[in-house]
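[1] What follows is a predicted protein model with its sequence.
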Amino acid sequence: MLDFRIETFITVCEFMNFTKAADKLNITQPAVSQHIHYLEDEYKTKLFEFIGKKMKLTEAGKYLLDIAVTMKHDEIHLKEQIRLGLTENKNITFGATLTIGEFLIPEQVCNYLKENHNVSLKMLVANTSELLEKLDKGIIDFAVVEGYFTKNEYDHRLYSRENYIPVCAAKHKFKKQPELVGDLFDETIIVREDGSGTREILEKTLEGKNYSLNDFKNKVEISNMNVIKYLTEQDCGVTFLYEAAVKKELQDKTLRKINLKDLKIQHDMTFIWRKNSVFTDYYDKLFKIFKIF
């Protein structure tokens, strides 16, 4: 069982405020202070420091938080395994970003379920930042993400490497056939919502060329990928998506790839779980089951 003072520490880190942590834990602020002082005495180091009035973690505090979050996640997983009678792979809860959840992993999930009839499986589809938060809180066991994450906080395995391409309606007519990414700036760009992995890749790529989404004539934000594809097919703008996500549309010739000389992007899809988990062998086994190469 996780020490209740570690729970207090994690909650203080969530708010960086003793009063708010006390309110969430339904204990007094002096009790919160006492718990933190106990941990600092136990580990013989300061966990927090103040710069002016702003509270922040020390390096030791950051290290303890990383380990504590993993411990909390492992305890949640352990309780679930014991509740289910330690039957291996009986209950799997994981997350996937939209492209992975809709276009890459369904076949692997299907094959797995056909071979394991007694498994209860739950897949949550969300953007990378949401999945990282749910992973840290123990809501999901692992995640397969396309967005960026702090690698020193998570164990990770390469799930797949996907081409990321610009596409337009098959019937779209450019004023001048584009050769460079800058040639697309006279077009309307259709993108996912802020925080999505797909959009983040495009933003970072443009930033590396000293451009931004604001360089396009107009910007349309859509949180649903099928709507993005439909609008692009209907010639409402151009978009950037993983090739796997538009494979059928390219084959059916409702969309076409825009070939740019200065833009050849491949992006890694990554299988992740909390670093230093005692269940690493279990997650590694699931990775080998669900990977696509």
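    Now that the structure is in, tell me what you want to look at. Numbering: from 1, shown residues only.
[2] worst-scoring helix or strand of the chain, pLDDT-wise?
    When the helices and strands of the chain are scored by mean pLDDT, DSSP states H and E, helix 59-83 comes last with a mean of 80.
[3] Pull out the buried residues from that one.
    61, 64-66, 68-74, 77, 81 (16 or more other CB atoms under 10 Å). C-beta coordinates here come from the backbone N, C-alpha and C atoms, glycine included.
[4] and these as a markdown table, adding distance to residue 5?
    Output for these, formatted as a markdown table (distance: CB to CB, whole Å):
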| residue | distance to residue 5 |
| --- | --- |
| 61 | 14 |
| 64 | 11 |
| 65 | 13 |
| 66 | 17 |
| 68 | 10 |
| 69 | 15 |
| 70 | 17 |
| 71 | 12 |
| 72 | 13 |
| 73 | 18 |
| 74 | 18 |
| 77 | 22 |
| 81 | 25 |
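[5] Can you verify my assumption that residue 178 contacts residue 184?
    Yes: with contact defined as CB atoms under 8 Å, residue 178 counts as touching residue 184 (5.4 Å).
[6] Give me the common contacts of the two.
    Contact criterion CB atoms under 8 Å, 6 or more residues apart in numbering; residues shared by residue 178 and residue 184: 258, 260.
[7] ok, and the closest non-adjacent residue to residue 120?
    residue 91 (4.7 Å; CB to CB, 6 or more residues apart in numbering).
[8] Same check on residue 292?
    residue 160 (5.3 Å).
[9] Any idea what that neighbour is bridged to?
    Counting by DSSP bridges, residue 160 is bridged to residue 269.
[10] what number of residues lie near it?
    As a burial measure, residue 160 scores 19 neighbours (other CB atoms under 10 Å).
[11] I'd say it and residue 269 touch.
    Yes: shown here, residue 160 and residue 269 form a contact pair, counting by CB under 8 Å, at 4.7 Å.
[12] Which of the three states applies to residue 272?
    strand (DSSP: H, G, I helix; E, B strand; the rest coil).
[13] Contacts only, for the residue positioned nearest the centre of the chain.
    The residue lying closest to the centre of the chain (CA atoms, centre = their mean) is residue 128, at 2.0 Å. Residue 128 makes contact with 97, 145-149, 195-197, 200 under the criterion CB under 8 Å, 6+ apart.
[14] Look up the closest residue to it, ignoring the ones flanking it.
    Distances taken as CB to CB, 6+ apart put residue 147 closest to residue 128, at 2.8 Å, once the chain neighbours are dropped.
[15] where's residue 163 relative to residue 184, distance?
    According to CB to CB, to the nearest Å, residue 163 stands 17 Å off from residue 184.
[16] My error: substitute residue 62 in the last question.
    Distance, residue 62 to residue 184, by CB to CB: 41 Å.
[17] Next: residue 123.
    Distance from residue 123 to residue 184, by CB to CB: 34 Å.
[18] same check, this time on residue 177
    11 Å.
[19] So between these two, which is more surrounded?
    Legend: neighbour count by other CB under 10 Å for residue 177 and residue 184, higher for residue 184 (22 against 9).
[20] hang on, the earlier thing: residues near the residue nearest to residue 128, how many?
    Residue 147: 22 neighbours (other CB under 10 Å).
[21] next one: phi and psi at it?
    Torsion angles at residue 147 (phi, psi; degrees, to the nearest 10) stand at phi -80, psi -180.
[22] can I assume it is in contact with residue 200?
    Yes: between residue 147 and residue 200 there is a contact under CB under 8 Å: 5.6 Å.
[23] for stretch 279-293, what is the average pLDDT?
    Across stretch 279-293, the average pLDDT comes to 87.
[24] How about stretch 114-123?
    88.
[25] Which parts of the protein belong to which domain?
    4-78, 83-160+268-290, 162-262 (automatic domain parsing).
[26] I'd like the distance between residue 124 and residue 226.
    From residue 124 to residue 226 the distance is 19 Å (CB to CB).
[27] Neighbour count for these two, which is higher?
    residue 124 (15 against 10).
[28] Looks to me like residue 40 is in a strand.
    No: assigned with three-state DSSP, residue 40 falls outside any strand and is helix.
[29] Would you check how far apart it and residue 180 are?
    For residue 40 relative to residue 180 (CB to CB), the value is 56 Å.
[30] Between these two, point out the one with more neighbours.
    residue 40 (18 against 12).
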